[in-house]
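Asker: Using only what follows, build the 3D model:
(chains A and B)
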Amino acid sequence: MSKRKMYFHMIITSLIRRRSRMVVALLAIAIGAAILSGLVTIYYDVPRQMGAQFRNYGANMIFTPTSDTFTLEDMEQGLSQISTGELVGATPYRYETVRIHEQPIMAAGTHMEDAKKTSPYWLVEGEWPQATHEILLGNNVAENLRLKTGDVITVSFTPEEKNEDDTDNMIDFTVTGTVSTGGSEEDYVYMELTDLEELTGTGGSVDLAEISISAASEQLTSYMEKINENTPAVSARLVKRVTASETTVLSKLQALVLLVTVIVLALTMICVATTMTAVVTERRKEIGLRKALGASDGSIIKEFMGEGMMLGGLGGIIGAFVGFAFAQTVSVHVFSSSISFRPLLVPVTIIVSIAITAIACLMPIRSATTVDPALVLKGE
Amino acid sequence: MFARMIRGTLFHQWKKMIMIAFTIALGASLATAMLSVVLDVGDKVNQELKTYGANITVVPKEASVLNNLYEVEGGENVGTYLREDELGKIKTIFWAFNIVDFAPFINAQATLDDGSTVSVVGSWFNHHMDLPTGEQLDAGMSSLRSWWEIKDGKWIDEQTTEKEEVAMIGSALAEKLGVAAGDTVHITGTASDVNLEIVGVFEAGGIEDDQIFAPLNTAQALDNLDGKIDSIEVSALTTPDNELAQRAAKDPKSLTIAQYETWYCTAYVSSICYQIQEVITDSVASAVRQVADSEGAILEKTQLLMLLITILSLVGSALGICNLVTASVMERSGEIGLMKAIGAQNGAVTGLVLSEISITAIIGGAFGFLAGFGFAQIIGHTVFGSAITMRLMVIPIVAVLVILVTLAGSIPAIRMLLRLQPAEVLHGR
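Answerer: Residues are numbered from 1 along each chain as shown, chains lettered A, B, ... in the order given. Prediction:
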């Protein structure tokens, strides 16, 4: 049997013989490693996940026309400069004054599906419009005109170049619901852009577009500059209230998770180290016996360290995957979306666990080897 | 004799006992720190979310509809007003403690010297108030508009400057007029005219960039609207809405008396709105859904996230303590074998080992609790810049946790030891 083979044989049989004790140590290391890999994964994923939550505040970029209006093509051209992964939604708006029950009301033509994405905070009682000739009323408008869901109303529009004898354009709309926001939206009515174009008889242009982008503020600023440079018809602006506040709150949250991670990790690692120290300390007798049989300090340290590091590696591997499973559970429960696996974290977790077990074993082994074997064996 | 034996273990094997106490202290400090943070994180994050501005707006009952409809036709502001002298009452409602800040607003149209019209908004900046309850309060828009970027000059400080003829001007308007901080602009309202000294130039990223903001009294004087205000913005700490709150928001009368009381006495945004309406004459208070809704969502997610991290670290520290206790009890097999050989009953051995471990656990737990409280304060000060409130409920939770974990860690090991034959153990097998 070669020396190396003997070395591994000793380590492995030692691990197997002292099964129950080693399981305790392995468990401690695996828990430490799981907390390390789980928390670090969460820490890296929090900005992305929380950022998505912050999109509840709605649009953080606004396109306004540089001249009077801009077209949907201009908007598309502007949007093409934003990476698709970060774009949460983009909603065009066209505003026209229409008459309902002879009252002048501001009507907005938009894409309802996109509006749901850029304004997730709208509280719609009833349904969002889905078919043509359906309309969503602002809460104040509905109250003021005493309209409710299901009513059919005639919306009329007076074109600008109108001859004296022309009648107004009129279309009947079905009210599908009312929207309340606590803001000026409650004074508007909303319909599909195509319906508004049909009503006014003109089309192709919009007044404003709301864009919701899931990105940090520097990235937003660079998008804004790029769009302003490359799309002449559109002037992009950031909604300061949303972007500035998001940066403040998000950085605080990230700092919170970072600090918690650091403290939890530090304490867990100390816990792992004390457990390992306890496991090694109780083997002082064995160390004494070996020394008495003529083993050199170096070979004893090497063997015990080998055992410890093997445990560390095994615990690290188990912990890395358990930790990821934990992070995945957290992500699914809290943010209801899955987390991306970070391959780099697996070797890092394993290396850190090996290092910590090595450091934890080193101290008690060294103190055991410096003691006279006779004293150790005698039990003093 | 029992006490002497315990003392013997604690003093002669102090190194081992200190190690156990140390591990228990670490676990307990982790539990204390995480529990304190998780119990307080809701309030702290809520406070941070206040940077999004007001979550409740109060307008006169009839004005909201009238004003907007008239504006569509390009007419003058016609309508009713709220009363300035009632503002202090907002701090007297049931949830007064949750009202973080508020500011009144009055809009006036004024004419510049070149004939163009400009919108002048009167408000409080950092107004000092003595409340009827004897409390003092600083309220105003400087914290409700924290996202404003001051390009030049500074915020108006109402408490140090006696002068009322001051203003802050939007960056777009400032550029158009070619004025900077320190200059004066002359504006004429329907009732009077005034020379305003510009204190600051701000960029808000909205229509405010074309407006002038002045102290409330100055703007009121322009249109002879003394004591009247258009709207109030209120920033309140709220509890995320649930089904009850949504039903109550539609019609408080639809609730049973018990439900109504639960709703009224919970800081839902709808119940705070309702209470504001009760104290401000002829007003409609409504939640700004953009802010209120998102706050609820973010708050909930953060709390859940922290809760799960706390559970992970609690489980981690529990297993860690358990492990070490098991290991330390098991290595005493020789001693226990000896005790049994000289005739100790199982009960006596168990009692001895448990008492030793418990005393160690109590000492370790106490130190750990203090250390954990320290960690919580470090987190509070570093992240939120304020102390974490200590909740009394943390103490029993941590105590129960430490005791349970210690027992859970030692009992299986003791049971295993009791099953051993003394002869075998002493022989060293």
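
Asker: Only C-alpha atoms from now on, for both contacts and neighbour counts.
Answerer: OK.

Asker: which ones are touching the closest residue to chain B within chain A?
Answerer: Of the residues in chain A, the one nearest chain B is A:G182, at a distance of 4.3 Å by CA to the nearest CA. Going by CA atoms under 8 Å, 6 or more residues apart in numbering or on different chains, A:G182 touches B:56-57, B:286-290.

Asker: again, only using 7 Å
Answerer: By CA atoms under 7 Å, 6 or more residues apart in numbering or on different chains, the contact set of A:G182 is B:286-289.

Asker: Okay, and which of these map to strands?
Answerer: If you go by DSSP state E, those have B:286-287 in strands.

Asker: Kindly indicate whether the residue of chain A closest to chain B is helix, strand or coil.
Answerer: Under the three-state scheme (DSSP: H, G, I helix; E, B strand; the rest coil), the conformation of A:G182 reads as coil.

Asker: what's the neighbour count on the closest residue to it other than its chain neighbours?
Answerer: With CA to CA, 6 or more residues apart in numbering or on different chains as the measure, B:V288 is the residue that lies nearest to A:G182, at 4.3 Å, once sequence neighbours are left out. Look at B:V288: counted by other CA atoms under 10 Å in any protein chain shown, it has 22 neighbours.

Asker: hang on, B:V288 packs against A:E185?
Answerer: No - checked against CA atoms under 7 Å, the pair B:V288 and A:E185 is beyond contact range at 10.8 Å.

Asker: burial measure for the residue nearest to B:A236 when sequence neighbours are not counted, as a count.
Answerer: Leaving aside its sequence neighbours, B:A236 sits nearest to B:I99 (CA to CA, 6+ apart; 4.3 Å). For B:I99, the tally of surrounding residues (other CA under 10 Å) stands at 17.

Asker: where's B:I99 relative to B:F384, distance?
Answerer: Distance, B:I99 to B:F384, using CA to CA, to the nearest Å: 19 Å.

Asker: For the residue nearest the centre of chain A, identify the helix or strand it belongs to.
Answerer: Centroid-nearest residue in chain A, with CA atoms, centre = their mean: A:Q49, separated by 1.2 Å. Using DSSP states H and E, A:Q49 sits in helix A:19-54.

Asker: what does B:I169 give?
Answerer: Applying DSSP H and E as the criterion places B:I169 in strand B:166-170.

Asker: Walk me through which strands that strand pairs with, and which way each runs.
Answerer: Next to strand B:166-170 in the sheet, as set by DSSP bridges, lie strand B:193-203 (parallel), strand B:211-215 (antiparallel).

Asker: Which residues outside the helix or strand just after that strand are in contact with it?
Answerer: Downstream of strand B:166-170, the next assigned helix or strand under DSSP H and E is helix B:171-177. For helix B:171-177, contacts defined as CA under 7 Å, 6+ apart pick out B:180, B:201-203, B:209-211.

Asker: Name the nearest of those residues relative to A:L253.
Answerer: Out of these, the one with the shortest distance to A:L253 is B:E203. That distance is 26.2 Å, counting by CA to CA.

Asker: give me the number of residues near that closest one?
Answerer: Other residues lying near B:E203 total 20 when counted by other CA under 10 Å.

Asker: do B:V185 as well
Answerer: For B:V185, the count of nearby residues is 17 (other CA under 10 Å).

Asker: Which positions in the helix holding A:Q49 come out as buried?
Answerer: Neighbour-count burial for helix A:19-54 flags A:21-54 (criterion: 16 or more other CA atoms under 10 Å in any protein chain shown).

Asker: Can you narrow these down to the ones near chain B?
Answerer: With CA under 7 Å from any CA of the partner chain as the criterion, the buried residues of helix A:19-54 include A:21, A:24, A:28, A:31, A:53 near chain B.
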